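sequence unknown, structure follows:
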């Protein structure tokens, strides 16, 4: 229900990431006056294009995801707007092509029957267990989404309600993803395939709560598509919609602080100017927002949840090392989404959380040129991202200077050459750029370069995660990867809906 224009409340959103844009769209549509302040000259945060100097190549900087069409259409459909007027999908037959160090190559199809056929060829004993895992996990996710993930836990009464405790017990959330998956499949390679998909959350699959194995299960059940132009194109579609609704974005706008008086956020200080607001939403890195915008001392920063934890004891997610390539060749061997599972899988993952670089990393290879020609000006060219999970900057024994980057870059290229059975891949590389944890910290203000925010350990997930509303400041709200329900573009979009609904349902 829209409110009278003369009574419109002023909402300031700090940060034009995907969470800030989605929150802004929903609030602007509901009748609020929304203005977003963004420190960079572009929206989307780390979801943006990396472009070569000669403009022959462009590719997503970081987020390169298996897209569930229903999720990305939802914000448009909720506003009764046709999403096809803003972006297009390219359908995919396979959601992952999988390469293993032993030389096996197989596809995980968006069609479950075809996936079962592939698994039967690889290991016929595991088809039944994998199928049961898919359906059981998807069902549990639907319960979690309704009862836990898509609702806020602002008050203690919400956390300790009988319904919440009953749901948590029913979902067996104390089980780790590692133990949970092993209850369904025995094949080490198949276990590792599922584990690697949960590793996209930035936490060890051997410690993350079992509910997050739904990342693998839902892609299989619901199917995926590719957004033409990548996720960066989707961000531009959101920006366009927000502006068309009458919202405003102030780029190159560094906010000094949020002005607090009598436990109420009065507004912001921007370039020595005070700008008042009725409500403020932070779409910034949670810890940096607490430190730099609210001036809360490190010793005093607590998780904004019903489980307090000093900042020094917060478990951060890992980070990512990304190689962006522009190539003079196209690879028929690759799909858009590809996984390479290397040997010593568990050992190499555990190294990441011990502050060590992996020696035999498993890779996620994003190759949009397999289906989408919009990333290159030359039809014979292609682009690729190679992603490796690495420690965040809290582990000080990694410098991320040139020697480190060259070492890891060379290792990844050798692994890719092995997977594709190609020699001298470097001779086809026309453009390259590298993104490190240091870049995530310096360019996007991720605390310690932890690009997935606060880690999804049990006591930092669901009801224990930072919530959408500040505990001490009445009209201050949060949206983003570190906020419940969690990280990942689609989940942050769910968080934005929770924030907007909460603000919209409060007294005006």
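Received the coordinates, thanks. All figures in this text were calculated on a predicted structure; none of them were measured in a lab. Numbers count the residues shown, from 1 in each chain.

residue ranges with poor pLDDT in the stretch 201-350 of the chain?
Residue ranges of the stretch 201-350 of the chain with pLDDT under 70: 297-312.

can you do 50?
Residue ranges of the stretch 201-350 of the chain with pLDDT under 50: 303-307.

any chance you could map the strands in it?
225-227, 248-250, 255-261, 264-270, 273-276, 279-282, 319-327, 337-341 (DSSP state E, counting those that start in this stretch).

before we move on, what about the stretch 51-200 of the chain?
58-60, 89-91, 94-100, 105-109.

sorry, back to before: minimum distance to residue 32: which of the strands of the stretch 201-350 of the chain has it?
With distances scored as Cβ to Cβ, the stretch of those nearest to residue 32 is strand 279-282 (8.2 Å). (Glycine included, C-beta is placed from N, CA and C.)

in the closest one, what counts as buried?
279-282 (16 or more other Cβ atoms under 10 Å).

can you map out the helices along the stretch 151-300 of the chain?
For the stretch 151-300 of the chain, the helices defined by DSSP state H, counting those that start in this stretch cover 156-159, 162-171, 177-182, 188-198, 214-222, 231-244, 286-288.

any chance of those helices in JSON lines, plus distance to residue 324 and mean neighbour count?
Below are these laid out as JSON lines (distance: least, Cβ to Cβ, whole Å; neighbours: other Cβ atoms under 10 Å):
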{"stretch": "helix 156-159", "distance to residue 324": "42", "mean neighbour count": "13"}
{"stretch": "helix 162-171", "distance to residue 324": "38", "mean neighbour count": "14"}
{"stretch": "helix 177-182", "distance to residue 324": "29", "mean neighbour count": "20"}
{"stretch": "helix 188-198", "distance to residue 324": "21", "mean neighbour count": "22"}
{"stretch": "helix 214-222", "distance to residue 324": "24", "mean neighbour count": "21"}
{"stretch": "helix 231-244", "distance to residue 324": "12", "mean neighbour count": "21"}
{"stretch": "helix 286-288", "distance to residue 324": "25", "mean neighbour count": "21"}
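
Output these in a markdown table; the columns should cover distance to residue 459.
A markdown table is the format used below for the helices of the stretch 151-300 of the chain (distance: least, Cβ to Cβ, whole Å):
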| stretch | distance to residue 459 |
| --- | --- |
| helix 156-159 | 13 |
| helix 162-171 | 12 |
| helix 177-182 | 16 |
| helix 188-198 | 18 |
| helix 214-222 | 20 |
| helix 231-244 | 30 |
| helix 286-288 | 16 |
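
Between these, which one is closest to residue 136.
helix 214-222 (8.1 Å).

looking just at contacts, which helices and strands does that closest one meet?
helix 112-123, helix 127-144, helix 188-198 (3 or more Cβ pairs under 8 Å, 6 or more residues apart in numbering; DSSP states H and E).

Tell me where the model's unsure across the stretch 1-150 of the chain.
1-6.

go again using 80 as the cut-off
In the predicted model, the stretch 1-150 of the chain carries pLDDT under 80 at residues 1-7, 63-68, 121-124, 144-150.

Of the strands of the stretch 201-350 of the chain, which is nearest residue 467?
So among the strands of the stretch 201-350 of the chain, strand 279-282 is nearest, using Cβ to Cβ, at 12.5 Å.

Residues in contact with the closest one: which ones?
9-15, 20, 23, 258, 265, 267-268, 289, 293, 475-480, 499, 503 (Cβ atoms under 8 Å, 6 or more residues apart in numbering).

Drop anything exposed from those residues.
Buried, going by 16+ other Cβ under 10 Å: 9, 11-15, 20, 23, 258, 265, 267-268, 289, 293, 475-480, 499, 503, out of the contacts of strand 279-282.

Looking at the residues you listed, which are in helices?
When DSSP state H defines the helices, the subset of the buried ones among the contacts of strand 279-282 inside them is 20, 23, 499, 503.

quick one: contacts for the closest residue to the first one other than its chain neighbours?
Closest residue in space to residue 20, ignoring its immediate chain neighbours: residue 283 at 3.3 Å, by Cβ to Cβ, 6 or more residues apart in numbering. For residue 283, the contacting residues are 13-17, 19-20, 23, 478-480, taking Cβ under 8 Å, 6+ apart as the criterion.

Pop out the phi and psi values for the residue nearest to residue 370 when sequence neighbours are not counted.
Using Cβ to Cβ, 6+ apart and skipping residues adjacent in sequence, the residue nearest residue 370 is residue 336, 5.0 Å away. For residue 336, the backbone dihedrals (degrees, to the nearest 10) come out as phi -70, psi -40.

and the gap between residue 336 and residue 36?
Relative to residue 36, residue 336 is positioned 31 Å away (criterion: Cβ to Cβ, to the nearest Å).

re the thing from before, of the strands of the stretch 201-350 of the chain, give the one that comes closest to residue 58.
strand 319-327 (8.7 Å).

ok, which stretches of the stretch 351-500 of the chain are helices?
Going by DSSP H, counting those that start in this stretch, the stretch 351-500 of the chain shows helices at 402-420, 437-444, 489-505.

Could you list every helix and strand in contact with the first one?
Judged by 3+ Cβ pairs under 8 Å, 6+ apart, the packing partners of helix 402-420 are strand 319-327, strand 337-341, strand 363-366, strand 382-390.

Turn those into a markdown table, columns for mean neighbour count and distance to residue 349.
As requested, the helices and strands packed on helix 402-420 are exported to a markdown table (neighbours: other Cβ atoms under 10 Å; distance: least, Cβ to Cβ, whole Å):
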| stretch | mean neighbour count | distance to residue 349 |
| --- | --- | --- |
| strand 319-327 | 25 | 14 |
| strand 337-341 | 23 | 11 |
| strand 363-366 | 23 | 13 |
| strand 382-390 | 24 | 7 |
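
Domain ranges for the protein, per the record?
Structural domains annotated on the chain: 5-46+73-88+229-312+457-505, 129-223, 316-444, as defined by automatic domain parsing.

And the shortest one, end to end?
Separation of the first and last residues of domain 129-223 by Cα to Cα, to the nearest Å is 20 Å.

Touching, residue 133 and residue 182? I think so.
No - look at residue 133 against residue 182 with Cβ atoms under 8 Å: they stay out of range, at 10.4 Å.

Tell me how many other residues crowd residue 118.
Using other Cβ atoms under 10 Å, residue 118 has 16 neighbouring residues.

Give me the nearest residue to it, chain neighbours excluded.
In this structure, residue 118 finds its nearest non-sequential neighbour in residue 106, 4.7 Å apart by Cβ to Cβ, 6+ apart.

rewinding a little: nearest to residue 61, out of the domains of the chain?
domain 5-46+73-88+229-312+457-505 (5.4 Å).

chain center to the closest one: distance?
15 Å (Cα atoms, centre = their mean, to the nearest Å).

Pull the contacting residues for residue 149.
Counting by Cβ under 8 Å, 6+ apart, residue 149 touches 462, 484-486, 491, 494.

should've said residue 400
Per Cβ under 8 Å, 6+ apart, neighbours of residue 400: 393, 436-438.

same thing with residue 457?
Neighbours of residue 457 in contact, by Cβ under 8 Å, 6+ apart: 203, 207-209, 315.

what does residue 177 give?
Here residue 177 is in contact with 194-195, 198, 205-210, 212-213 (criterion: Cβ under 8 Å, 6+ apart).

Wait, residue 25 touches residue 75, no?
Yes - Residue 25 lies in contact with residue 75 (Cβ under 8 Å); the separation is 6.3 Å.

what sits in contact with each of the two?
residue 238.

can you tell me which residues contact the closest residue to residue 411 other than its chain neighbours?
Of all residues not flanking residue 411 in the chain, residue 361 sits nearest, at 7.2 Å (Cβ to Cβ, 6+ apart). Contact analysis of residue 361 by Cβ under 8 Å, 6+ apart lists 342, 348, 388-389, 411-412, 415.
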